[in-house]
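J.: Predicted structure and sequence below. I'll ask about it afterward.
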Amino acid sequence: MPAPTAFDLARVRADFPALAEGTAYFDGPGGTQVPRQVAEAIAATMISGLSNRGQVTASERRAEEVVLGARAAVADLLGCDAAGVVFARSMTQATYDLARLLARQWGPGDEVVVSRLDHDSNIRPWLQAADAVGATVRWADFDAETGELAVEDVRAVLSERTRLVAVTGASNILGTRPDVPAIAEAVHEVGALLFVDGVHLTPHAPVDVTALGADFYACSPYKFFGPHHGLLVARPELLAQLHPDKLLPSSDAVPERFELGTLPYELLAGTTAAIDYLADLAPTPGGGERPRRQRLLASMRAVEAHEDELLERLLEGLGRLDAVRLHGSPRRRTPTAYFSVAGHSGREVHQQLAARGVNAPASNFYALEASRWLGLGDAGAVRAGLAPYTSADEVDRLLAGVAELAG
């Protein structure tokens with residue numbers, strides 16, 4: 001396999017019109033900026049002749065090609081079967097729909113496991129679905145000092161009554177990357193299903209859903225340069241066992257039976273463009289002739305290396321400031337720093353950085369249980385998330401702004 005070329009940050013940054021404004025965006029965990037290639041793909045689809053999917057007219061075939069093309073792109077990104085890719089309005093909506101559907105098979109005495117490390121979209125749907133059928137919820141706690149969620153933390157709350165375990169692939173505030181394959185092994189040993197929230201993992205690392213051991217995996221294209229919608233993937237044979245409520249005339253095929261109404265063709269075209277863009281983030285000689293999956297793996301490894309280098313710079317810089325408290329120190333993490341500045345609220349830090357043209361908001365970021373477990377209450381702390389387009393100069397700008405507040 002050819003070695004990837006050096007990550008060309010200048011080339012990447014030139015593709016993002018928003019960066020020309022001069023703002024340093026550290027709010028990527030809430031949604032990245034968009035390269036022009038994605039915007040152009042969305043616009044081109046919207047002004048093309050489109051009809052409902054079919055095979056008779058050119059506009060019908062165009063819609064069909066957009067949908068199948070997006071499924072194939074997602075399959076290459078996540079290492080899954082294209083026939084198991086379900087599109088949804090958001091990851092939250094997809095999780096709610098699945099939770100209600102799976103809960104039809106649960107009852108009193110059955111157990112569902114959730115983690116305090118997770119975003120609320122991978123907690124509340126399961127809690128509410130379990131409550132509706134009288135199932136029991138058990139909590140896997142993480143180490144508040146390190147931010148680690150260990151396999152033993154999950155194994156401790158498993159039993160022969162466990163039906164589903166929901167866990168994050170990466171914490172959206174601490175960046176913690178639990179050992180999902182080991183958790184999957186423990187979950188499957190008791191005969192349960194594993195749902196993985198991959199929203200914060202997918203933009204920062206190569207993903208192989210099969211290797212992770214996830215029965216269900218969900219993520220959001222707008223976290224990796226794409227448009228605002230969500231997706232859920234699973235083995236087609238597993239999806240075939242589930243029968244959601246749907247309109248009588250609509251397709252009962254998998255995965256269409258889970259997609260209510262006409263799909264947003266322009267957003268799916270944008271998702272394909274975003275994945276194609278990821279595949280070429282770190283081009284290799286002759287790379288265009290290599291399968292997209294191979295190019296994606298090479299590019300995401302290059303992204304990891306670039307972001308890890310910047311994260312080290314950020315963490316070292318914050319660590320030198322006595323007034324700054326970093327929350328969590330996980331061994332494996334996505335490029336995310338969650339911190340507080342003594343004597344200043346998170347809102348004050350957010351405003352101070354914004355005055356310098358640095359976007360680093362403060363909140364619990366819907367990781368409400370994690371924020372409370374960390375002792376931060378509902379207010380949370382400041383989050384600085386790196387993206388492939390982040391530069392060392394931008395990291396230094398953020399550090400300078402925090403240092404000014406920290407005195």
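T.: Okay, I see it.

J.: Could you use CA atoms for every contact and neighbour count after this?
T.: Will do.

J.: So for Val66, what's the nearest residue that isn't a sequence neighbour?
T.: Spatial nearest neighbour of Val66, excluding adjacent residues (Cα to Cα, 6 or more residues apart in numbering): Ala269 at 5.9 Å.

J.: On the three-state scheme, that neighbour is what?
T.: Under DSSP: H, G, I helix; E, B strand; the rest coil, Ala269 falls in the helix class.

J.: residues in contact with it?
T.: Residues near Ala269 by Cα atoms under 8 Å, 6 or more residues apart in numbering: 41-42, 45, 66-67, 69-70.

J.: any idea how far it lies from Ile275?
T.: 10 Å (Cα to Cα, to the nearest Å).

J.: Cross-check the contact I'm expecting between Trp126 and Asp97.
T.: No: with contacts defined as Cα atoms under 8 Å, Trp126 does not count as touching Asp97, sitting 10.3 Å away.

J.: of the two, who's got more company?
T.: Neighbour count, other Cα atoms under 10 Å: between Trp126 and Asp97, Trp126 has more, with 26 against 17.

J.: And the next helix or strand past the longest helix along the chain?
T.: Secondary structure of the chain per DSSP state H: the longest helix is helix 292-319. Elements were assigned by DSSP states H and E; along the chain past helix 292-319, the next helix or strand is strand 324-326.

J.: just checking, what packs against that next one?
T.: Judged by 3 or more Cα pairs under 8 Å, 6 or more residues apart in numbering; DSSP states H and E, the packing partners of strand 324-326 are helix 292-319, strand 336-341.

J.: Please identify the deepest-packed of the ones you listed.
T.: strand 336-341 (a mean of 24; mean count of other Cα atoms under 10 Å).

J.: now that strand, how far from the chain's geometric center?
T.: 19 Å (Cα atoms, centre = their mean, to the nearest Å).

J.: Check the spacing between Ser220 and Val233 real quick.
T.: Between Ser220 and Val233 the computed distance is 12 Å (Cα to Cα).

J.: Next: Leu248.
T.: 24 Å.

J.: isn't Ala192 right up against Ala166?
T.: No: with contacts counted by Cα under 8 Å, Ala192 stays clear of Ala166, the gap being 10.5 Å.

J.: for the contacts of Ala269, which one is nearest Val196?
T.: Nearest to Val196, judged by Cα to Cα, of those is Ala70 at 20.9 Å.

J.: List the contacts of that closest one.
T.: Counting by Cα under 8 Å, 6+ apart, Ala70 makes contact with 268-269, 271-272.

J.: isn't there a helix covering it?
T.: Yes: according to three-state DSSP, Ala70 belongs to a helix.

J.: Tell me the confidence at it?
T.: You'll see Ala70 listed with a pLDDT of 98.

J.: nearest residue to Ser329 other than its sequence neighbours?
T.: Thr146 is the one closest to Ser329 (Cα to Cα, 6+ apart), at 4.7 Å.
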